[in-house]
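Asker: Return a 3D structure for these sequence lines:
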Amino acid sequence: MKEKALIILGGNSKLISKLLEYNLFKLYKKIILISHRKYNGKLNFEIIEFLDPKLIEKTLENIISSDQFEFDLIISNTPPQNSDFQNSNTLEWSMATLKIMKMNSLTKKFRRLIYTGSCLPLLPFYHESFYKTLKNNEMKSFIKLDLRLNKNQTYIILPPLKFKSDKRINLIFDNYEKWALILKEELSYNNSIVYPRGIVGIITKILFFIKFRKI
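Answerer: Numbers count the residues shown, from 1 in each chain. Below you'll find the predicted structure:
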């Protein structure tokens, strides 16, 4: 039986930083973090930093060519809303999720593949922005996948997140720590779409059904 390895695209993500606080080596023999910037976290993983976004597909192909492992992939690479999307490198990196969704010959080689999305595209009155358009296109692209043939793929619709240490009261926000645990658990599940919890989750499901006519 092959050992398991995990690849994470977006090593500097706040959500990923909390995920990596768990001992993922209980689940994986090898963990590889990929970032287009300098990686700022723990160094007990294999690190690929300053990656040219144009080389993502080739890099992933090279990694999974190993016959020693079966691979899982987490894609959590979208830059924050306040990023400079006029920067060509940032823009190219932000498009990685959309491009990977269209690489069927690549995605079918993974045991599990998880995309981290956002509930933002479902909010009709939230101001328009490049970030909102980008996350909307990601969500639509995932819905268009034939999930009967792509049962290894999961799309997590994240609510707005803050750190648990942030004591400001906000009924819409959830915390990174909780969703890092959910993300870890989803590596062992096979859900197609993961919704927020509680009242935010109910509203998200309603808005999702209105937009896509499916749950």
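Asker: from here on, contacts and neighbour counts on C-alpha atoms
Answerer: OK.
Asker: Pull the contacting residues for residue 3.
Answerer: When contacts are counted by CA atoms under 8 Å, 6 or more residues apart in numbering, residue 3 touches 28-29, 68-70.
Asker: per-residue confidence for it?
Answerer: pLDDT for residue 3: 95.
Asker: This protein: helices as residue ranges?
Answerer: Here the chain has its helices, by DSSP state H, at 14-19, 56-64, 88-94, 96-101, 104-107, 130-144, 176-186, 198-212.
Asker: Tabulate those helices (TSV), appending mean neighbour count.
Answerer: Shown next, in TSV, are the helices of the chain (neighbours: other CA atoms under 10 Å):
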stretch	mean neighbour count
helix 14-19	20
helix 56-64	14
helix 88-94	17
helix 96-101	18
helix 104-107	13
helix 130-144	17
helix 176-186	17
helix 198-212	15
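Asker: Columns distance to residue 76 on top of these, output as a markdown table?
Answerer: Converted to a markdown table, those look like this (distance: least, CA to CA, whole Å):
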| stretch | distance to residue 76 |
| --- | --- |
| helix 14-19 | 7 |
| helix 56-64 | 14 |
| helix 88-94 | 10 |
| helix 96-101 | 8 |
| helix 104-107 | 15 |
| helix 130-144 | 12 |
| helix 176-186 | 11 |
| helix 198-212 | 20 |
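Asker: How many neighbouring residues does the nearest residue to residue 174 once chain neighbours are set aside have?
Answerer: Closest residue in space to residue 174, ignoring its immediate chain neighbours: residue 161 at 5.0 Å, by CA to CA, 6 or more residues apart in numbering. Under the neighbour criterion other CA atoms under 10 Å, residue 161 is assigned a count of 16.
Asker: got it, and the one 3 residues further on?
Answerer: Neighbours of residue 164 under the rule other CA under 10 Å: 12.
Asker: ok, back up a step: quick one: which of the helices of the chain is nearest residue 7?
Answerer: Proximity of the helices of the chain to residue 7 was assessed by CA to CA; the nearest stretch is helix 56-64, lying at 8.6 Å.
Asker: Please enumerate residues in contact with the closest one?
Answerer: 70-71, 96, 100, 106, 109.
Asker: between these, which is closest to residue 38?
Answerer: The closest of the contacts of helix 56-64, once distances to residue 38 are taken by CA to CA, is residue 96, at 17.7 Å.
Asker: That's all I had, so thanks and see you.
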